[in-house]
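In: Give me a model of this one.
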Amino acid sequence: MPYKITVLGTGYVGLVCGVGLADFGNQVICTDIDGDKMDLLSKGFIPIYEPGLEEYLIRNRKEQRLTFEKDVDRAIQNSDIIFIAVGTPSKDDGEVDLAFLQEAVKTIANKSTTPKTVVTKSTVPVGTNRWIEETLKEQNPNIPFSVVSNPEFLREGKAMYDFFHPDKIVIGTDDQKAQKTMQEIYRPLYLLNTPFIFCNYETAELIKYANNAFLATKITFINQIANLCDEIGADVNIIAKAMGMDGRISPKFLHPGPGFGGSCFPKDTRALIKIGEHYDTDMSLVREVVRINEKQRSRMIEKLERLLGSLQGKKICALGIAFKAETDDIRESPAVDIIKILLQKGAQVNLHDPQALENAKKLFENAVNYYEDMYQAMKDCDAIVILTEWNAYRNLALEKAKSLLKQKIIFDTRNVLDPETCHQTGFLYEGVGRR
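Out: I've put the predicted structure just below:
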């Protein structure tokens with residue numbers, strides 16, 4: 001049976017979930033307090049880059065299963081199930097800012113005239129769904145509300161695939177009727193034998209933080225091994241490959257580089273530390289992961305200075321600013337921090353990125369030179385610094401690059417190039433944990 005669903009929030013999570021739920025055959029309304037964004041979406045323009053999203057969006061709009069509504073109140077009233085997918089950013093102290101979510105919950109409470117199932121997709125601290133349940137009942141005691149914690153595990157750049165092929169579906173609720181509703185919504189995935197995890201609110205909330213903190217720890221571990229490899233002459237890629245062959249470890253997230261970034265890992269590790277503080281529980285391992293990750297950016301600058309000497313007056317070709325490939329998201333990207341330090345040290349930066357230049361321009365304005373063509377960005381530069389693992393950078397025309405550069409130096413912070421090939425072409429090559 002198709003459900004009438006409203007998704008509050010049309011960022012990465014909300015838009016992908018809204019489109020995916022519509023593709024399951026449901027009637028989905030996506031709404032957002034950002035009227036300009038809603039106007040763009042209503043005209044078929046997608047404000048983010050996510051492979052495959054446009055195709056699904058067009059199809060479901062054509063089939064009239066997906067609509068965009070500027071009037072949030074109307075969207076709430078015209079649905080039975082409401083997915084909350086608003087932003088939950090970090091405060092300066094690392095605590096989660098729940099202002100958008102709290103406003104969304106109060107709006108749901110005040111505008112609902114029929115029973116609702118409220119599903120939290122946003123990543124929220126432990127205790128939030130209990131608060132949602134209590135707030136809905138207090139502010140509108142005449143309407144039955146069911147609350148579900150249903151955290152997302154979408155990878156930017158692969159979010160559409162992850163929505164339709166998840167490793168798991170987590171459903172946190174004490175309400176048996178709401179649990180059955182969620183099973184029906186995700187029935188297409190159940191038929192594919194996707195594991196369903198049923199638990200209470202607190203377990204579901206902590207699963208998300210534990211998941212991301214562990215992956216962040218794995219990245220930080222291999223970065224520390226890479227740093228040791230730099231000192232002793234070992235090859236971290238071979239080490240990571242050997243480690244990944246151990247079934248207890250797996251090869252995923254064993255890719256050294258300038259540190260993790262994006263909208264999830266930095267925010268969620270900081271939030272987990274604050275949750276531990278709130279409950280007087282030692283989270284020192286996660287705290288150290290955060291510290292090491294921040295230091296990794298500075299280490300990249302130190303390695304570049306060993307190659308070039310003083311950066312004052314040097315011209316650097318920066319390849320990539322997105323925090324990872326296949327996204328235009330530059331939030332907490334290590335590339336952003338590295339470029340900021342380069343500018344502070346007096347370097348001139350020529351920047352190329354296949355998708356994230358518009359976001360970079362909003363951040364750096366005229367402080368950086370922007371190029372649509374990566375080879376034009378290399379002209380007369382003292383070094384190429386690869387900061388994002390885009391496939392285009394894996395296949396650099398090395399001879400062409402060599403002819404354009406002032407100094408034949410490549411600093412590959414993502415280890416996407418073959419060192420031997422670079423050396424044979426006449427480059428001084430430096431990677432992370434290998435040379």
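
In: residues contacting the nearest residue to Asn140 once chain neighbours are set aside?
Out: In this structure, Asn140 finds its nearest non-sequential neighbour in Ala109, 4.5 Å apart by C-beta to C-beta, 6 or more residues apart in numbering. For the C-beta atoms, the positions are set from N, CA and C on the backbone; glycine is no exception. Listed by C-beta atoms under 8 Å, 6 or more residues apart in numbering, the contact partners of Ala109 are Thr135, Leu136, Glu138, Gln139, Asn140, Phe145.

In: thought the first one was touching Glu103?
Out: No. Taking contact to mean C-beta atoms under 8 Å, the distance of 11.3 Å between Thr135 and Glu103 leaves them out of contact.

In: Could you check which of these two is surrounded by more residues?
Out: Thr135 (17 against 14; other C-beta atoms under 10 Å).

In: Let's verify the more buried one: helix, strand, or coil?
Out: Look at Thr135: counting by DSSP: H, G, I helix; E, B strand; the rest coil, its state is helix.

In: what's the burial count for the nearest residue to it once chain neighbours are set aside?
Out: The shortest distance from Thr135 to any non-neighbouring residue, by C-beta to C-beta, 6+ apart, is to Val105 (5.5 Å). A total of 26 residues lie near Val105 under the criterion other C-beta under 10 Å.

In: Check what pLDDT Val105 gets.
Out: At Val105, the pLDDT value in this model is 98.

In: Which residues belonging to the helix or strand where it lies are considered buried?
Out: Element membership of Val105, judged by DSSP states H and E, is helix 99-111. For helix 99-111, a neighbour-count test (16 or more other C-beta atoms under 10 Å) marks Phe100, Leu101, Ala104, Val105, Thr107, Ile108, Ala109 as buried.

In: Throw the residues you listed into TSV and include distance to Gln64, thanks.
Out: What follows is those, written out as TSV (distance: C-beta to C-beta, whole Å):
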residue	distance to Gln64
Phe100	29
Leu101	30
Ala104	26
Val105	29
Thr107	26
Ile108	25
Ala109	30
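
In: Kindly state the pLDDT recorded for the nearest residue to Val416 once chain neighbours are set aside?
Out: Nearest residue to Val416, sequence neighbours excluded (C-beta to C-beta, 6+ apart): Arg394, at 4.7 Å. Per-residue confidence (pLDDT) for Arg394: 97.

In: Over to Leu192?
Out: 84.

In: That one and Gly11, how far apart?
Out: Taking C-beta to C-beta, to the nearest Å as the measure, Leu192 falls 26 Å from Gly11.

In: of those two, who's got more company?
Out: Gly11 (18 against 11).

In: for the longest helix along the chain, what is the average pLDDT?
Out: Identified as the longest helix of the chain according to DSSP state H is helix 201-232. On average, the pLDDT along helix 201-232 is 98.

In: Ok, stretch 134-141 next?
Out: In this model, stretch 134-141 has an average pLDDT of 97.

In: looking at it, Ile222 is touching Pro251, isn't it?
Out: No. In this structure, Ile222 is not within contact of Pro251 by C-beta under 8 Å, at 10.5 Å.

In: Those two: who's more crowded?
Out: When Ile222 and Pro251 are compared for neighbours, Ile222 comes out ahead with 22 against 13, by other C-beta under 10 Å.

In: Could you report the neighbour count for Ile273?
Out: For Ile273, using other C-beta under 10 Å, the count is 22.

In: Please enumerate the helices of the stretch 51-200 of the chain.
Out: 53-62, 72-77, 99-111, 128-139, 159-164, 176-185, 187-190 (DSSP state H, counting those that start in this stretch).

In: Can I get those helices in JSON lines including distance to Arg306?
Out: Formatted as JSON lines, these follow (distance: least, C-beta to C-beta, whole Å):
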{"stretch": "helix 53-62", "distance to Arg306": "41"}
{"stretch": "helix 72-77", "distance to Arg306": "54"}
{"stretch": "helix 99-111", "distance to Arg306": "44"}
{"stretch": "helix 128-139", "distance to Arg306": "46"}
{"stretch": "helix 159-164", "distance to Arg306": "38"}
{"stretch": "helix 176-185", "distance to Arg306": "54"}
{"stretch": "helix 187-190", "distance to Arg306": "50"}
